[in-house]
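**Q** The amino acid sequence is not available; the structure is as follows:
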């Protein structure tokens, strides 16, 4: 079964109408909804998303986004993976290993989860995911 992992860059593009990827993000999420594809993300991605949204669009926008995502999680529309010690350990190793790539720690945690999850498409506008060999969600 197809699953789609959401990165911070996708949430930001969807939330911020001035984002260069906003139109593409909206089109992709509409395809995802029509196809009823399961969505998944990490709690770290949500933390990063809320913080970036607050800095760019304000606290109210970050809270609204958080409430929508938490509702999606409660309704079973979004699986929110809670990072554990094993994931953190793998993320830290990736963070240390790829010092020349300037991956964020959240990216490394996402990579660690994606590596163990298997076939998951990635909804992201962060080129690091394709550089690491993950399949982009294209509808």
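**A** Ah, there it is. Quantities reported herein were computed from a predicted structural model and do not represent experimental measurements.

**Q** for stretch 7-20, which positions count as buried?
**A** Neighbour counts over stretch 7-20 (16 or more other CB atoms under 10 Å) mark 7, 8, 9, 10, 11, 12, 13, 14, 15, 16, 19 as buried. From N, CA and C alone the C-beta is placed, and that goes for glycine too.

**Q** Also stretch 20-38?
**A** Quick answer for stretch 20-38 (16+ other CB under 10 Å): 21, 22, 25, 28, 29, 32, 37.

**Q** Please apply the same query to stretch 38-45.
**A** Across stretch 38-45, burial judged by 16+ other CB under 10 Å covers 39, 40, 41, 42, 44, 45.

**Q** Could you give the bridge partners of residue 136?
**A** Note on residue 136: beta-bridge partners by DSSP bridges are residue 122.

**Q** Who are the contact partners of it?
**A** Shown in contact with residue 136 (CB atoms under 8 Å, 6 or more residues apart in numbering): 121, 122, 123, 124, 129, 130.

**Q** about what we covered before: for the buried residues of stretch 7-20, which two are the farthest from each other?
**A** Spatial extent of these (CB to CB) is set by the pair 7 and 16 at 14.4 Å.

**Q** Show me where the chain has its strands.
**A** With DSSP state E as the criterion, the chain has strands at 4-6, 39-42, 78-81, 121-123.

**Q** Out of those strands, flag the one nearest residue 105.
**A** The closest of these to residue 105 is strand 39-42. By CB to CB, the value is 11.2 Å.

**Q** Pairing partners for the closest one, with directions?
**A** Applying DSSP bridges to the sheet, strand 39-42 is found paired with strand 4-6 (parallel), strand 78-81 (parallel).

**Q** hey, which of the ones you listed is tucked in deepest?
**A** strand 4-6 (a mean of 24; mean count of other CB atoms under 10 Å).

**Q** which residues are in contact with that one?
**A** Applying CB under 8 Å, 6+ apart, the contact partners of strand 4-6 are 32, 37-41, 45, 78, 110, 113-114, 117, 120-124, 137.
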